[in-house]
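K.L.:
coordinates only, no sequence provided:
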């Protein structure tokens, strides 16, 4: 893992640079929640100060734009175009590959840009951690499209999971879980809920480091009495409280999603893959237990609560998890159970999960550089399509979706 | 020419009858199109593991080239696919079927003895697997059994994969070992032949020497000399043989390849110095501490709101955020140049003195 950066690298108000609403020149960090200070009249200096240096937003934008070049298109969707590019080499720095995500304006929102883009910019500007994708710069193109310059990452965890030619050791899984939890911990510590944790939003850098990406559904913790939407998180990874239409929830929704990713890493196939929201809830009841007033006090007061009736499954205990996920070992199962509790208040926090015994026991987490990889040509295209996909969706086209379901059913048939 | 056609038809009928009477009946006539090997010497029979009804290759081509379709045997309603047809391995179709079922079961139930705490539990497991196999073979509770197999497969996916990988590795190892033994055997044989040839040559030489010695002026002395020489040679030869045999034996006992000694050994990785859950981030707050509860008339009633609590909303997180935001500017002085510590890194500033989320929540 790279040298601890984090708090110390985040620039401070001491050397504050002005951040214009969409983009600043230096790709450097803005202190968390320092926006207010920035809008004040702080005299600023820019890294690449030259004769033309002034506060004119247009000039600034051109300067940023000039820093990058587009190399080739990786993919195009209804919502964004992703290009592979690189930062031009300067006297002091060499060229760095980047992904340039161009948000199309006026596709859905006639009067501005999509919510996803706003969210992505808003939160990625603030979150700086080795396990979170870095937003290097933002600029606008000539026809006023918004371009996000993101760190270039060449594969994602979903590709690793689907590639059954590779066997994943427990050390590998531990390492990926550790890195995702660190990234998630940092989000939560910075008061941001990711709300779309799933394997194809966990990207892998060429050196093996895992990074959280796609903040299109993220939001900061809501104040009390403020409603949040429950229509978030890709269905297969959505926690039960959202199916019950909870309007007030917390970072524990991300923990549940990550718990399911943990299962998927071991099973190599989605643990709970529902075809509809109702089917998904049914699967949760069947595999994790039926939510009742006993195991989840107050659940019946949630707006969308529906008494399942019929056969009720008790919330699964150690026996079930030990049988199903024996590979994780005792301490791994303990962690998994804490992450998949039905009652969101009983789920552990990311910080508590990081303290789990599992991480400090043998087999030790594999070093990122030694993790199985799946980069190269195909990977680039795949990540390109992941980046341009709208948040919260699993597949790009209906066809693709159908294909996967068919494959899944086939699998369930038990290879004959 | 009706007579010719008649005679041809009669010939065919006779051929069929002959084929049936010859005893190889079932093997020689396709049960679907009734054509016999007599007319088509290249006929091959195929079976489909769905129902194991035998038919000839041309029937398969004819019936299933257009996609899946029903088995032509009367009373069999199985839908067959061309792709699944294959040559029969065993004469008895029941054996063929049993082998298929056992193969499939072995692929799923591939637990090993070392997966169980004791031999007793392993035997119980084998017993259960045998029951499943027996049920499938004799069509007892097929639905239940299939469901059981699928459930087992679902819940043991990773261990099944692991064991399969292990088995593949062992097989590779065994193969390499066998190759090696064959090679050793060949070498030993070569060695024996060599010894034999050498002995023969020496004997012939000795004989020739003896004859030459007898022709000499003083045969007794010459013969004694020749005999001495032969004894010396044979003892030398024996010594040589023993040495080589020892070498061969040593080679046989040594592992075939150097890497084999290390094949199943787990790499001993040095444990990381000390596990740090947050990878070096500083979690201390210098300017404030959190309390568990803050009085607020605005919130007090709301804290008992059931849907909010059940949805997992954490008031603690709200407090933390409020306190954090209130203090996040403390310690920042805009006019100061950035403080730089000994390593040239900007020193920690208050702005990132972020709280840590209480792990007990």
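P.N.:
Looks like it arrived, so ask away. Owing to the predicted nature of the structure, the values given are computational and were not obtained by experimental measurement.

K.L.:
any idea which helix or strand comes after the lowest-mean-pLDDT helix or strand in chain A?
P.N.:
Across the helices and strands of chain A, mean confidence by mean pLDDT, DSSP states H and E is lowest for helix A:35-39: a mean of 38. Using DSSP states H and E, the helix or strand that directly follows helix A:35-39 along the chain is helix A:57-67.

K.L.:
whichever residue of the stretch 251-400 of chain A sits closest to chain B: neighbour count?
P.N.:
As assessed by C-beta to the nearest C-beta, chain B sits closest to residue A:344 within the stretch 251-400 of chain A, at 2.6 Å. Where C-beta positions appear, they are placed from N, C-alpha and C, glycine not excepted. Residue A:344 has 25 neighbours, counted by other C-beta atoms under 10 Å in any protein chain shown.

K.L.:
for the one 3 residues further on, same thing?
P.N.:
Applying other C-beta under 10 Å, we find 25 other residues in the vicinity of residue A:347.

K.L.:
secondary structure class for residue A:73?
P.N.:
The local conformation at residue A:73, judged by DSSP: H, G, I helix; E, B strand; the rest coil, is strand.

K.L.:
residue A:117: neighbour count?
P.N.:
22.

K.L.:
for it, what is the enclosing helix or strand?
P.N.:
Taking DSSP H and E as the criterion, residue A:117 maps to helix A:115-124.

K.L.:
got a pLDDT number for the residue of the stretch 251-400 of chain A closest to chain B?
P.N.:
pLDDT for residue A:344: 94.

K.L.:
helices of the stretch 251-400 of chain A, start to end?
P.N.:
A:252-267, A:277-287, A:318-324, A:329-339, A:350-354, A:357-360, A:376-388, A:398-412 (DSSP state H, counting those that start in this stretch).

K.L.:
contacts for the shortest one next, please.
P.N.:
The set of residues that contact helix A:357-360 without belonging to it, under C-beta atoms under 8 Å, 6 or more residues apart in numbering or on different chains, is A:174, A:178, A:328-329, A:331-332, A:334-335, A:365, B:275, B:277.

K.L.:
so which of the residues you listed is the closest to residue B:62?
P.N.:
Set against residue B:62, the nearest of the contacts of helix A:357-360 by C-beta to C-beta is residue A:328 (53.4 Å).

K.L.:
tell me who's in contact with the closest one.
P.N.:
Contacts for residue A:328 (C-beta under 8 Å, 6+ apart) come out as A:170, A:173, A:262, A:266, A:335-336, A:358.

K.L.:
ok now the longest helix anywhere in chain B, how far from the chain's centre?
P.N.:
Longest helix in chain B by number of residues (criterion: DSSP state H): helix B:157-215. The chain centre lies 30 Å from the centre of helix B:157-215; the measure is C-alpha atoms, centre = their mean, to the nearest Å.

K.L.:
hang on, the earlier thing: may I see the buried residues of the helix holding residue A:117?
P.N.:
A:116-124 (16 or more other C-beta atoms under 10 Å in any protein chain shown).

K.L.:
ditto for stretch B:202-218
P.N.:
Buried residues in stretch B:202-218 (16+ other C-beta under 10 Å): B:206, B:209-210, B:213.

K.L.:
closest to chain A among those residues?
P.N.:
residue B:206 (65.9 Å).

K.L.:
got the contact list for the closest one?
P.N.:
Here residue B:206 is in contact with B:226, B:230 (C-beta under 8 Å, 6+ apart).

K.L.:
is the residue located most distally from the centre of chain B part of a helix or strand, or is it coil?
P.N.:
Going by C-alpha atoms, centre = their mean, the residue of chain B most distant from its centre is residue B:217, 78.7 Å out. Three-state assignment for residue B:217 (three-state DSSP): coil.

K.L.:
show me the shaky parts of the stretch 201-350 of chain B.
P.N.:
In the predicted model of the stretch 201-350 of chain B, residues B:252-273, B:335-350 satisfy pLDDT under 70.

K.L.:
ok, and the closest non-adjacent residue to residue A:69?
P.N.:
In space, and not counting its chain neighbours, residue A:69 is closest to residue A:85: 5.6 Å by C-beta to C-beta, 6 or more residues apart in numbering or on different chains.

K.L.:
that'll do, ta.
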